[in-house]
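In: okay, here's the prediction I keep looking at, along with the sequence it came from:
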Amino acid sequence: MDNQFTQRLSSLTSWLVFILFVIVFLNMSETPRIPTESPEREILRSFHLVIGSLLLVFSFIRVYLWLYFPPQNTQRLLPDQAYTQIHILQFMLYISFIAQGLSGIFTAWSDGLIQFLPGADSVNHSLWVTSGYLHSVFAFFYLILIFFILLFRIYHLLRYRVISINIFA
């Protein structure tokens, strides 16, 4: 692929992941405030499944692009080891999105929200509890990763005078 095309595609997928992340984050912040038996909660849950699935797909695409066409350090003031540090944190952010998406699929499947075979009973409480906890763990993990990426970006701004606030690279 053309280098300029891959840079644009990488940038586009990064922006799509960011937008989808913000939408899912706002959705998961609002859903617990809605009563469980409310029809609005069912709508928000279905919306969460759809947007979360899109986030999973675009995270896969972004990781693919990252592995086969790795981003390069374009900041001449930023040392390579500092760039590599941020690069690894950002890559782990995408991996945590993928892991959370996969655990979300298992959670929805074991709760009977999605079915892969029509008429098949897929409700499994122990798998639902395990995958649900993993889904939460990955959420806390990516929040911590975002926090550390921001901290290192502020550190790079103060130390190397490099202005870059991109979290999703």
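Out: Sure, I can see it.

In: test my guess that Tyr142 contacts Leu93.
Out: Yes: with contact defined as CB atoms under 8 Å, Tyr142 counts as touching Leu93 (5.8 Å). Every C-beta, even on glycine, is put in place using the N, C-alpha and C of the backbone.

In: mind listing the strands for this structure?
Out: Along the chain, counting by DSSP state E, no stretch forms strands.

In: residue at max distance from the center of it?
Out: Gly119 (31.5 Å; CA atoms, centre = their mean).

In: how far away is that residue from Leu127?
Out: 19 Å (CB to CB, to the nearest Å).

In: now the phi/psi pair for Asn73, please.
Out: Backbone torsions for Asn73, taken as degrees, to the nearest 10, come to phi -70, psi 110.

In: mind pulling the model confidence for the nearest residue to it once chain neighbours are set aside?
Out: The shortest distance from Asn73 to any non-neighbouring residue, by CB to CB, 6 or more residues apart in numbering, is to Tyr83 (4.1 Å). pLDDT, Tyr83: 92.

In: can you give me the neighbour number for Tyr83?
Out: Neighbours of Tyr83 under the rule other CB atoms under 10 Å: 18.

In: isn't it right up against Gln75?
Out: Yes: under the criterion of CB under 8 Å, Tyr83 makes contact with Gln75 at 7.1 Å.

In: tell me, what's touching the two both at once?
Out: Overlap of the contact sets of Tyr83 and Gln75 (by CB atoms under 8 Å, 6 or more residues apart in numbering) is empty.

In: that's all I had, so thanks and see you.
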